[in-house]
Every structure is written in C-alpha cells, then in structure tokens.
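J.: For reference, the sequence and a predicted model appear below.
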Amino acid sequence: MTLIQVDKIKVGNRMRELDENKVDEIVASYESIGQINPISVDENYKLLAGHHRLAAAKKIGWLQIEIKLFKEKDLNDKLIEIDENLIRNELCYISASEHILERELILESLGKRSKRGVNRYTKGESEETTKELARRIGTSEKMYRLRRQVSEITPEARNLLRGTNYARKSLNDLIHLSKQKHDVQKRVGELAKQDPDQQLRFHIDTAKIELYTDREKSQLVAELKEKWGVPLSIKRFDREDHDLARICRQISKHSTTRVIKGDVVGREIPNYSGFVDHSLFLLEYFVRRPKSRILDPFMGKATNLVAGMWMDMECHGFDLNPRNIDRTQDVLDQHFPNGTFHLYNEDGVDMKPLQNEEESFDAIITDPPYLNCPDLYTQEENDLSNMSQSQWEQMMAISFRHYHRLIKRSRVKDKVFYPLMMTMTNDPTEEAWTEGMKDAIKKYKPTKHNPIESGEFHPVIMKMNATRRAEGGMTSMDFILSRIAEEEGFTLWDRTFNMLAPSSVSVSVLRNYDFYYTAKNWETTLIWIKQ
C-alpha cells in the first residue's frame with residue numbers, strides 16, 4: 001500500500017452523492033482505529049473507489065491517505081471481467097448497477113468514456129457514449145440508465161438488499177428508492193430484511209411514516225383545501241405522497257390485503273382502492289365536524305375510515321374479508337392510538353351489531369362493491385360483488401332501508417333568492433352598460449341565505465361507477481341507486497364527478513373504437529339526506 005497527499009487525488013463527476021452521516025461514521029472510525037481499507041486510484045491519482053473515505057480524511061484534516069494504485073493493465077483486466085459479468089446477465093439489479101458504475105469510472109480513467117456534457121460529434125474516436133455502452137452489454141440506452149440509477153442507493157442500503165428478491169425483481173421500486181433520502185434508504189433496507197414478503201414501496205412508505213412527520217394534521221387538511229380550490233362538481237384527485245396517503249397504503253399495499261386482478265403490458269393491476277384525498281374532501285366539505293360518528297358499511301381497504309380518523313371522527317366499518325379487518329385494526333391502533341373506531345367482520349348489508357340503533361350516525365360514506373364487478377374480493381355468497389344485478393339491487397334496497405334508520409335527520413331551511421335584474425337598452429357602449437348596472441344594484445335585494453346550521457346536515461355519501469355488459473350496454477350505478485334511495489325515502493342533495501386516469505386506457509383504445517365506446521375516466525359521488 002502507498003501513502004499519497006490528499007490534495008493530489010482527483011474526484012470525477014461520476015461519483016455518487018456523499019452521505020454526510022456515513023462520512024461522520026468513517027471520521028469516528030479513523031479517529032478511533034485509523035484507516036483500515038485503502039481508497040482506489042489510477043495512475044493519474046483519479047479516484048476509482050472510496051469517495052466517503054476520502055471525504056472523511058479531508059474532514060479530519062489528514063494530509064496523506066493510504067491508496068491502492070491500479071495500473072492501466074489492471075484496469076483493462078478488470079474491465080474485461082466486468083463486461084463478462086454484465087453480458088452473462090446473471091447479476092441482480094444492485095450488483096449490475098455497481099458493475100456499470102465501476103465500468104464507467106474505469107473507462108473514464110482510461111480515456112475511453114465520453115464525459116458527461118461532451119458533444120457526441122466532438123468526442124474522441126476511442127471514447128464511448130452511453131448508447132454504445134448499452135449496446136455493448138446487450139441492452140437499450142434507457143434500460144442502461146435505469147440500471148445505473150440503482151447505484152444511487154446508499155452502499156449500506158444496497159448491502160441490506162443484496163441477495164433478496166427486491167434486488168433481483170424490483171427494478172422500478174429500486175429506482176424509486178434511489179430517489180429517497182439516505183436515512184429512508186437505510187431504514188427500508190432494515191425493514192426489507194425483517195419482512196421480505198412486502199413490496200419495497202410498502203417499506204418506503206413505512207420508513208417515511210416512521211422518520212418524518214412532514215406536517216400536522218390540520219396543516220395537511222389546510223394544504224389540501226387550498227389545492228381543491230372552489231368545490232366544483234367535477235374535480236380530479238390524484239394519488240399523492242403525504243403521511244395520510246402512506247397510512248392508507250399500509251393497508252392497501254400490505255401482502256395480506258393486496259389482490260392482483262391482472263396485468264397490463266407487464267404491470268400488475270391490483271383491485272381498486274380509493275383516493276384518500278377524495279374521501280378527505282367529502283368528509284371535510286359535507287360532514288365537517290370533528291367527533292362526528294361515521295359509518296362505512298363496505299369499508300374494503302378502509303380509505304374512508306382512515307380519512308375519518310385523521311379528522312378525529314368516530315369511525316365504524318364493516319367488511320366480510322377478515323384480512324381487511326385485521327390489517328386495518330393494526331394500522332389504526334398504530335397511527336391513531338387515541339382515536340375511537342369499531343370494526344366488524346360481518347355483512348355490511350344487514351349490519352346486525354347496529355340493529356338496535358336509530359338515527360345514531362352523523363354521516364354514512366361508502367364505496368359499494370361495483371355492480372357486475374370485475375374485481376374479486378371474497379368467495380362469500382353474500383358478497384355483493386359476486387351477485388347478479390337483480391340480487392345486487394335487492395341487497396342495496398335493504399342497505400338503504402338500514403341507512404334510513406341509522407342516519408340522523410337533516411334539517412334543511414328554505415332559501416329565498418332575489419336575482420339581479422338589469423334593463424337592456426339599444427346603446428351598446430360601455431358607459432350605457434355601466435349606468436344600467438348601477439341602477440340594477442340600487443334596486444337589488446340581498447339574498448337570504450339561511451344557511452344550514454352546523455350539526456343539522458347528515459349526508460349519506462356513496463362513490464360509484466358504471467359497467468358495460470356487451471349487448472346489454474352500459475349499466476350506470478348512479479341511476480339505479482338514485483331510484484332505490486328515493487324509494488326508501490331519501491332526497492338526492494348533490495352529485496359530483498371525480499376524473500380518473502385509468503391504467504387500462506393504453507391497451508383498450510382499439511377495442512373501445514371498434515365497439516363505439518369512449519374510455520371511461522370518471523366516477524360519480526351521490527349525496528343524499530333524510531328530511
């Protein structure tokens with residue numbers, strides 16, 4: 001081994017970003033026992049490996065550091081070995097990313113790698129572009145860049161994931177992990193070792209929840225309200241990445257509850273789960289009051305209940321699937337230890353535990369199983385998703401009968417409106433229009449709003465969609481449920497639409513065209529009250 005002046009070592013721009021926590025760990029080690037492993041450099045003292053060790057030496061103030069010198073022949077031999085490993089394609093994504101990064105560093109040291117930012121028409125004859133490197137190992141330029149991106153995961157996290165199925169099969173998730181903060185990456189590696197059955201993105205959510213409280217609950221609601229803007233009837237709610245969404249994914253993405261119904265161009269398509277921002281909007285806008293008692297008779301992955309717990313409401317939920325109940329219980333216990341909730345692994349139509357209650361709920365919010373449902377939830381005969389349309393309608397009629405018994409009565413005052421009346425003249429000038437408006441305003445009587453008082457509005461909120469049944473045409477759940485609700489004594493109070501981004505659009509365009517369909521990208525929410 002050789003000692004060399006620290007300031008003589010050159011660091012190229014291909015070295016990954018420093019993890020300051022890792023640098024501090026090495027500093028403590030250096031101060032305790034000195035340098036154990038040398039850094040690697042080429043004959044021009046360009047750094048090949050050991051960026052964190054070099055940074056630690058500089059931080060301490062060392063003038064010299066121990067190196068391992070690689071000559072040109074050594075580098076060429078190493079390059080041949082790396083190429084053979086990459087071409088055989090037996091490496092996991094983590095090892096492949098490390099090989100690619102090391103390969104680029106060696107090529108750059110040998111003057112055979114086109115530097116970043118260099119015009120491809122002015123590069124030296126012996127220099128290789130990313131496209132050429134990708135071709136040499138038998139992959140596309142895009143895939144090459146994606147595989148290289150995995151090397152941005154911290155060495156500690158890479159070592160924890162090495163040898164796991166995540167390292168072999170989860171390229172997209174590894175790329176997602178590489179964009180997280182270093183402490184999140186480390187915690188994800190630890191969680192993956194502890195519970196290898198979960199998806200890597202599930203562990204990323206878990207780590208973020210553990211390590212960060214990125215905003216207070218009230219602050220998140222305020223931020224989302226600002227994003228919602230004016231409460232229009234047609235809105236779009238996307239899948240966001242905040243604490244509330246991560247808590248929901250602790251249920252919907254867990255290995256015990258996640259159900260895959262198919263795949264589109266190699267991408268797994270799970271059963272539908274709701275948008276928690278949408279649920280939060282509905283509860284905040286139509287229910288509003290903390291401590292409200294809310295019910296979801298078809299809770300599924302509990303998106304509505306998690307939103308209700310976040311808003312400090314008392315939540316009750318039914319589901320036939322015991323795995324949904326158990327997982328939701330665990331998550332709510334963990335994240336809302338002071339909250340009040342009751343979960344029932346029972347039929348959400350009859351709701352037998354509530355059979356002796358009347359007008360005891362402030363709101364009911366649910367996503368009933370889709371009519372003619374493409375998703376499989378349970379094998380239970382009394383699962384609405386397994387029923388024919390006539391059976392489904394009968395069960396929903398029973399459900400609305402129970403809702404009418406359980407929901408509190410809303411007291412809606414009359415409103416009197418006075419329109420602004422303006423006399424039109426033949427004079428088209430702006431001055432004439434202004435004078436006419438002034439005269440109209442003088443005669444205008446203010447509208448008597450008589451707003452509904454707080455605690456007097458008790459909605460039944462239901463999100464739904466439509467299905468297509470070949471020659472039977474479109475079956476629209478909102479029309480069917482509107483009829484059933486009216487027959488059971490409810491008043492339809494509002495209707496909203498949520499714009500969706502369906503994952504199947506890319507493969508259904510031709511089919512839709514052939515059958516004169518448009519791509520369905522909406523879901524309906526209906527709001528009823530009992531007067």
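T.: That came through fine.
J.: Okay, strands next: where are they in the stretch 101-250 of the chain?
T.: With strands called from DSSP state E, counting those that start in this stretch, the stretch 101-250 of the chain shows them at 234-236.
J.: Where does pLDDT dip in it?
T.: 112-128, 212-218 (pLDDT under 70).
J.: mind listing the helices for it?
T.: Using DSSP state H, counting those that start in this stretch, the helices of the stretch 101-250 of the chain run over residues 130-136, 141-149, 155-161, 165-169, 171-178, 182-194, 200-211, 217-228, 243-252.
J.: got the buried residues for the first one?
T.: Pointing back at helix 130-136 there. Within helix 130-136, the residues that count as buried by 16 or more other C-beta atoms under 10 Å are 130, 133, 134. Where you see a C-beta, it was placed from the backbone N, CA and C, and this is true even at glycine.
J.: can those residues go into a markdown table with extra columns for distance to residue 328?
T.: Shown next, in a markdown table, are the buried residues of helix 130-136 (distance: C-beta to C-beta, whole Å):
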| residue | distance to residue 328 |
| --- | --- |
| 130 | 47 |
| 133 | 48 |
| 134 | 45 |
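J.: Highest mean neighbour count out of the helices of the stretch 101-250 of the chain?
T.: helix 243-252 (a mean of 23; mean count of other C-beta atoms under 10 Å).
J.: thinking again about what came up before, tabulate the helices of the stretch 101-250 of the chain in TSV, adding columns for distance to residue 513.
T.: Shown next, in TSV, are the helices of the stretch 101-250 of the chain (distance: least, C-beta to C-beta, whole Å):
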stretch	distance to residue 513
helix 130-136	36
helix 141-149	29
helix 155-161	44
helix 165-169	35
helix 171-178	30
helix 182-194	43
helix 200-211	34
helix 217-228	34
helix 243-252	33
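J.: right, and these - which one's nearest residue 340?
T.: helix 217-228 (15.8 Å; C-beta to C-beta).
J.: what angle sits between that closest one and helix 243-252?
T.: Using axes from the mean of the first three to the mean of the last three C-alpha atoms, to 10 degrees, the inter-axis angle of helix 217-228 relative to helix 243-252 is 100 degrees.
J.: Tell me how far helix 217-228 lies from the chain's centre.
T.: 17 Å (C-alpha atoms, centre = their mean, to the nearest Å).
J.: cool, and stretch 327-341?
T.: 20 Å.
J.: Show me what counts as buried in that stretch.
T.: 327, 328, 329, 331, 332, 335, 336, 339, 341.
J.: wait, the first one sits on residue 251?
T.: Right, the one you point to is residue 327. Yes: counting by C-beta atoms under 8 Å, residue 327 does reach residue 251; the two are 5.3 Å apart.
J.: tell me, what's touching those two both at once?
T.: residue 257 (C-beta atoms under 8 Å, 6 or more residues apart in numbering).
J.: Roughly how far does residue 151 sit from residue 353?
T.: 54 Å (C-beta to C-beta, to the nearest Å).
J.: tell me which element residue 492 falls in.
T.: Element membership of residue 492, judged by DSSP states H and E, is strand 491-499.
J.: In PDB, could you pull the C-alpha coordinates for that strand?
T.: Extracted in PDB, the C-alpha atoms of strand 491-499 (Å, rounded to 0.1, in the frame of the first residue of the first chain):
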ATOM      1  CA  THR A 491     -83.600  13.200  -1.000                       C
ATOM      2  CA  LEU A 492     -80.800  13.400  -3.600                       C
ATOM      3  CA  TRP A 493     -78.900  16.500  -2.500                       C
ATOM      4  CA  ASP A 494     -75.800  16.700  -4.600                       C
ATOM      5  CA  ARG A 495     -73.900  14.900  -7.400                       C
ATOM      6  CA  THR A 496     -70.100  15.200  -8.100                       C
ATOM      7  CA  PHE A 497     -67.700  13.600 -10.500                       C
ATOM      8  CA  ASN A 498     -64.200  12.600  -9.900                       C
ATOM      9  CA  MET A 499     -61.900  12.400 -13.000                       C
END
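J.: What is that strand packed up against?
T.: strand 234-236, helix 477-487, strand 522-529 (3 or more C-beta pairs under 8 Å, 6 or more residues apart in numbering; DSSP states H and E).
J.: what's the angle from it to strand 522-529?
T.: Using the same axes, to 10 degrees: strand 491-499 against strand 522-529 is 160 degrees.
J.: Now do the contacts for the residue lying closest to residue 170 once chain neighbours are set aside.
T.: Spatial nearest neighbour of residue 170, chain neighbours left out: residue 200 (5.1 Å); criterion: C-beta to C-beta, 6 or more residues apart in numbering. Taking C-beta under 8 Å, 6+ apart, we find residue 200 in contact with 166, 170, 173, 174, 176, 177, 188, 192.
J.: if we go to 7 Å?
T.: Counting by C-beta atoms under 7 Å, 6 or more residues apart in numbering, residue 200 touches 166, 170, 173, 177, 188, 192.
J.: Repeat that for residue 5.
T.: Contacts of residue 5 (C-beta under 7 Å, 6+ apart): 63, 64.
J.: which residues does it bridge with?
T.: Beta-bridge pairing for residue 5 (DSSP bridges): residue 64.
J.: what pLDDT does it get?
T.: You'll see residue 5 listed with a pLDDT of 86.
J.: how much space between it and residue 62?
T.: Taking C-beta to C-beta, one finds residue 5 at 10 Å from residue 62.
J.: Tell me where the model's unsure across the stretch 251-400 of the chain.
T.: Ranges of the stretch 251-400 of the chain meeting pLDDT under 70: 259-272, 372-379.
J.: picking that back up, counting neighbours around each, name which of residue 151 and residue 353 comes out higher.
T.: residue 151 (22 against 12; other C-beta atoms under 10 Å).
J.: model confidence over the strand holding residue 492, on average?
T.: On average, strand 491-499 scores 92.
J.: buried set for it?
T.: 493, 496, 497, 498.
J.: Next: stretch 352-368.
T.: In stretch 352-368, the ones that count as buried by 16+ other C-beta under 10 Å are 354, 361, 362, 363, 364, 365, 366, 367, 368.
J.: One more: stretch 281-288?
T.: For stretch 281-288, using 16+ other C-beta under 10 Å, the buried residues are 281, 282, 283, 284, 285, 286, 287.
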